[in-house]
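*Asks:* Got a sequence here, can you model it:
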Amino acid sequence: MDNHLQANQLSAPTIDNLLFQAEHCSNVSDEHTKNLFFEFVRMMESLSVSGDDELRELWIFAPRGSIDEFADYDEYLAESEIENRQEFEELWLDLYPEPLKWYQLATLRYRDIFSVLVNRKLVLQLQPESQQHDSYPKIELLDWLIAAVQQSIYLLKSGEYGAFVKQNLSYRHRIGKILRQDYWFVFPDEKDSYLAEIDAGEIALFEKLISQQSENLPSFRLSAMTSSLYFNACKLGYAANQYEGAEGLPAKELYRKHADGRDDGLMELDEASAEAFETWYFDRKQRGGHPWEVCRGGNSTHISLYVSHDAPGWFFRLAGSSMGRSVETVKFYLALTEQGFPVSLSDGKAILAMLKGEDFIGIVPQGVIPRYCDSFFPGEKMLTFMNLPHEKTDQVIQAAFWYPIERVQLREAPDQFASR
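*Replies:* From the prediction side, this is the model:
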């Protein structure tokens, strides 16, 4: 099998260069390249579909190759990229640490458009009606793809593919999860940094309050709401977190200083008028702003204090479960409850588990930004995600739980490639 694996293989640095060029010019237009493209797609059609739009996926690989295949030492030295041979070797092994480099290959068909992705990036696409012409030849890349797919199909037919991938696929391409306590055991400084602004007493009180929170709804309501009341609720949270100006500025000015800024007209209301707030709140034209984003941040890193209304009356909903803002959110929540405001906290129990290190951190493949990764973990609740770290990697691998690698199967009777 080893001889077969090495047949017709380019080294990974060469492949990476071909892929980089293809990413910037993915269209396939000339006839010779089209013929190779169709040959490649016919081979992929021997695999079972694994998703929408005729998604087919396969793991392929290339050998790391020698250091001379990586780059020219003299050129790197002349361009001051390195200072000596040792640095050159360290750079090579940093970029290609393992004997094989793995690539997740995927093909899709949407109507008459055929797309090829490698490690989730579009590298080839055939659009029958496209008038674009190739500005970069893709013959060498397609030749390699065909040879690499042939290797994997050979392993599938011999029954060796699954075991080979399981044994050799880098953990950086796998999906896993690690108990936060186990992660903190490997990286204790991260635990200390995370919990630096909250003490054991606050965590204990938070746990008590969250255990009493029923269905994310407070047990009572306010009979009326004003913008003044809202701004003062915000001020409690700002003061609990020692935000700038919390000691001296009026509540409305604090909101102006620390909120998103797109208030949707909230700051223009008569602060004392419940009627004015109610009219504004239920005016369906008041949309598009971010009046409830009280602590500025990114899409997943801000804190929101929503005003909610139901038949019994008015209450607050607090949300801010990102790792970097969760302690602030908890202190905000404690400040509101201490003053007797009706407030519910989204993901309260999950945040408590994070504070105690009892939740899981999802580990997603390299190349995937570790945000909004819930689709990798269907049916599970995780607030934070990460890529496999580059330090103490083996310790994390040993401490983590790894999900099975998705099975690839051959079709018994593949359909003929569609007319073209």
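*Asks:* Show me what residue 57 is bridged to.
*Replies:* Note on residue 57: beta-bridge partners by DSSP bridges are residue 106.
*Asks:* what does the strand or helix carrying residue 280 contact?
*Replies:* In this structure, residue 280 is located in helix 274-282 according to DSSP states H and E. With CB atoms under 8 Å, 6 or more residues apart in numbering as the test, helix 274-282 has contacts from 224, 225, 226, 227, 230, 265, 266, 269, 270, 286, 307, 309. Every C-beta, even on glycine, is put in place using the N, C-alpha and C of the backbone.
*Asks:* Quick check: of those residues, which lies closest to residue 247?
*Replies:* The nearest member of the contacts of helix 274-282 to residue 247, counting by CB to CB, is residue 230 at 20.1 Å.
*Asks:* Three-state assignment for the closest residue to the closest one other than its chain neighbours, please.
*Replies:* In space, residue 230 comes closest to residue 307 once its chain neighbours are excluded; the distance is 6.3 Å by CB to CB, 6 or more residues apart in numbering. Reducing the assignment at residue 307 to three states with DSSP: H, G, I helix; E, B strand; the rest coil gives strand.
*Asks:* any idea how far residue 307 lies from residue 375?
*Replies:* Here the distance between residue 307 and residue 375 works out to 31 Å (CB to CB, to the nearest Å).
*Asks:* Residues touching whichever helix or strand comes after the helix holding residue 280, excluding its own?
*Replies:* Scanning forward in sequence from helix 274-282, with DSSP H and E defining helices and strands, the next element found is strand 293-295. The contact list for strand 293-295, computed with CB under 8 Å, 6+ apart, reads 234, 237, 255, 258-260, 262, 302-305, 320, 325, 328, 332.
*Asks:* ok, so of these, who is nearest residue 199?
*Replies:* The closest of the contacts of strand 293-295 to residue 199 turns out to be residue 328 (CB to CB; 14.5 Å).
*Asks:* OK, contacts around the closest residue to the closest one other than its chain neighbours?
*Replies:* Using CB to CB, 6+ apart and skipping residues adjacent in sequence, the residue nearest residue 328 is residue 241, 4.9 Å away. Residue 241 sits next to 197, 328, 331, 332 when contact means CB under 8 Å, 6+ apart.
*Asks:* most neighbours, which of these?
*Replies:* Compared across the contacts of residue 241, residue 332 has the highest neighbour count, 27 neighbours, by other CB atoms under 10 Å.
*Asks:* Model confidence at that one, what's the number?
*Replies:* pLDDT for residue 332: 98.
*Asks:* The nearest residue to it once chain neighbours are set aside is in what secondary structure piece?
*Replies:* Sequence neighbours aside, residue 237 is the residue nearest to residue 332 in space, at 3.5 Å (criterion: CB to CB, 6+ apart). In the assignment (DSSP H and E), residue 237 maps to helix 227-240.
*Asks:* Give the helix, strand or coil label for residue 405.
*Replies:* If you use three-state DSSP, then residue 405 falls in the coil class.
*Asks:* So it is in contact with residue 168, correct?
*Replies:* No. Counting by CB atoms under 8 Å, residue 405 does not reach residue 168; the two are 10.8 Å apart.
*Asks:* shared neighbours of these two, anything?
*Replies:* Both residue 405 and residue 168 lack any common contacting residue under the criterion CB under 8 Å, 6+ apart.
*Asks:* how about the strands in the stretch 251-400 of the chain?
*Replies:* When assigned using DSSP state E, counting those that start in this stretch, the strands of the stretch 251-400 of the chain occupy the ranges 293-295, 303-310, 313-319, 343-345, 360-363, 385-386.
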